[in-house]
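> Here is the input, now give the coordinates:
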Amino acid sequence: MTRARDPWPPLAIAFLVLALAGLVATFVFNVWAVVQMRDFIGDLVSSGPAVSSITVDLLVVAIAACVVIVVEGRRLGMKRWWLYIVLSGITAIAFTFPLFLAMRERRLAAQRATDEAAPMG
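Sure thing, here's the model as predicted:
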């Protein structure tokens, strides 16, 4: 069976839904900030302690997500795993990390199918 015909595991579909939600939601707010000509970085760090706390919280999660992408991408032999990190700077980690997790689940499902189809030696 070719990889293109491999079924999408339910968890991969759930991650794709989250990736789409992350892309749409962040895109809307980014466009809103640009239209209002806001100081995007300034708003993140100087809008009070609550916003600064959320900013630091999400930054740490984003760094952890990048570590997971590097480690898992290499471990599973995924092609172009680094592209998810690059794209997170252009789009949002709320989009690229769930997208990576979906592709990871698909890769794991393909490996399981290969392992099950392999003859026992």
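> Spit out the contact partners of the spatially most central residue of the chain.
Nearest to the geometric centre of the chain sits residue 97, at 1.1 Å (Cα atoms, centre = their mean). By Cβ atoms under 8 Å, 6 or more residues apart in numbering, residue 97 lies in contact with 19, 22, 62, 65, 68, 69, 84, 88. Backbone N, C-alpha and C define where each C-beta goes, glycine included.
> Quick one, which of those residues are buried?
Among the contacts of residue 97, those buried by neighbour count (16 or more other Cβ atoms under 10 Å) are 19, 22, 62, 65, 69, 84, 88.
> Just to be sure, which of these are found in helices?
19, 22, 62, 65, 69, 84, 88 (DSSP state H).
> got a list of what the second one touches?
Looking back up the chat, that one is residue 22. Per Cβ under 8 Å, 6+ apart, neighbours of residue 22: 92, 93, 94, 95, 97, 98.
> Could you export those residues as a markdown table, including secondary structure, pLDDT and distance to residue 8?
Putting those into a markdown table (DSSP: H, G, I helix; E, B strand; the rest coil; pLDDT from 0 to 100; distance: Cβ to Cβ, whole Å) gives the following:
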| residue | secondary structure | pLDDT | distance to residue 8 |
| --- | --- | --- | --- |
| 92 | coil | 95 | 22 |
| 93 | helix | 97 | 22 |
| 94 | helix | 97 | 21 |
| 95 | helix | 98 | 18 |
| 97 | helix | 98 | 18 |
| 98 | helix | 98 | 14 |
